[in-house]
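A.B. asks: model the structure of this input:
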Amino acid sequence: MKIHRPGAVRILIAALLLAVIPGIQAFAGIGKETYYFAGNDRPAGESDAIKKIEKEQVSDRKFWLHTYIRTDTGWDPIKSELIRVRSPEEQIISLYHGNLMLYRTVRKISRINDGNFLFEETKRGTLVRTGHATELIPLHLEGEVTEYYDSGMKRSEAFYRDNQLVWNHNWLENGEKYIDTIFYSVDTWPRYLDGDIAMKAQMNNYILSSKYYSKDLSGTVLLGFVIMEDGHLAGIHLVNKPMLDIAEVVRESLETLPGKWQPAILDNRSVRCYMTFPVNFMVRDNKQFENVQMVGNMIFYNYR
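C.D. replies: Residues are numbered from 1 along each chain as shown. Prediction:
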């Protein structure tokens with residue numbers, strides 16, 4: 001990629017713009033920065049990190065944020081966000097998975113008395129999140145944050161300290177109260193004590209024995225659930241609503257799973273951990289799905 005270096009006049013203009021646009025650090029021209037995070041998005045050094053965000057400044061008002069998670073083979077890309085700063089009060093965030101643009105979010109910004117920022121995010125004209133932050137690119141949360149489903153129903157009320165979730169109250173999309181103080185990122189993920197092979201076999205046999213199962217099924221069933229502090233599974237629900245009959249069977253296959261889980265660990269203590277489990281039904285000749293496939297007698301999956 002060819003990089004054009006700005007002239008002296010352009011540098012002066014850029015400096016003036018950066019001085020008034022909140023959350024943007026002054027760069028000596030175009031540059032890159034890397035942010036590392038441990039469990040619960042705790043700022044960390046590279047050796048302790050399980051997630052990293054690479055921030056790339058494309059121009060005075062355009063930034064890429066590339067997010068990766070650490071795996072056994074290295075850093076795997078998860079998502080990319082293109083942030084366009086339209087003014088000190090507004091940003092446009094385009095979310096990409098690979099080359100596919102999924103959706104855009106509009107972020108309205110205002111400064112508050114303590115020097116932090118109050119933000120409000122909308123997607124397709126619907127409010128999806130409000131909250132407080134100390135930095136905007138990338139977002140560094142501090143204080144109260146409220147999230148909403150695309151339907152407009154409240155999803156969660158939470159409190160953050162130094163970008164780390166302290167507590168939250170949660171609801172399902174139908175308004176039903178859900179489990180509180182659940183974490184989405186931890187130091188050690190939950191593990192099914194009977195092993196992955198037993199888990200796959202149990203779920204696979206349950207689904208294949210259902211009267212609703214067919215080789216012609218196509219689509220994804222996405223389950224959400226919580227592994228509690230004592231290792232038992234709770235709060236199983238359908239995140240999406242495809243093929244209702246078989247979706248209920250998939251939910252039951254997880255619900256009837258025998259045995260227990262080793263709970264998640266965060267800051268050397270057991271915590272409640274929310275996970276998603278997508279099961280994709282597909283014809284073998286179709287393109288490969290990203291997360292989970294059910295092909296023949298095998299279920300392949302990975303965690304959120």
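A.B. asks: so what secondary structure elements neighbour the helix or strand containing residue 201?
C.D. replies: Element membership for residue 201 (DSSP states H and E) is helix 196-208. Based on contacts counted as 3 or more Cβ pairs under 8 Å, 6 or more residues apart in numbering; DSSP states H and E, the elements that helix 196-208 packs against are helix 244-255, strand 298-300. In this view, the C-beta of every residue, glycine as well, is placed from N, C-alpha and C.
A.B. asks: got the CA coordinates for it in CSV?
C.D. replies: Extracted C-alpha coordinates of helix 196-208, given in CSV (Å, rounded to 0.1, in the frame of the first residue of the first chain):
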residue,chain,number,x,y,z
ASP,A,196,-15.3,-32.9,24.0
ILE,A,197,-15.8,-36.3,22.5
ALA,A,198,-18.5,-37.3,25.0
MET,A,199,-20.2,-33.9,24.6
LYS,A,200,-20.2,-34.2,20.8
ALA,A,201,-21.5,-37.8,20.9
GLN,A,202,-24.3,-37.0,23.3
MET,A,203,-25.6,-34.0,21.4
ASN,A,204,-25.1,-35.7,18.0
ASN,A,205,-27.1,-38.8,19.0
TYR,A,206,-29.9,-36.8,20.6
ILE,A,207,-30.3,-34.7,17.5
LEU,A,208,-30.1,-37.6,15.0
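A.B. asks: how big is the angle separating it from helix 244-255?
C.D. replies: Relative orientation of helix 196-208 with respect to helix 244-255: 150 degrees, computed using axes from the mean of the first three to the mean of the last three Cα atoms, to 10 degrees.
A.B. asks: C-terminal to helix 196-208, what's the next element?
C.D. replies: Read in the C-terminal direction, the helix or strand following helix 196-208 is strand 219-227, with elements assigned using DSSP H and E.
A.B. asks: which other helices and strands does the helix or strand immediately after that following strand in the chain contact?
C.D. replies: Using DSSP H and E, the helix or strand that follows strand 219-227 in sequence is strand 233-238. Strand 233-238 is packed against strand 219-227, helix 244-255, with contacts defined by 3+ Cβ pairs under 8 Å, 6+ apart.
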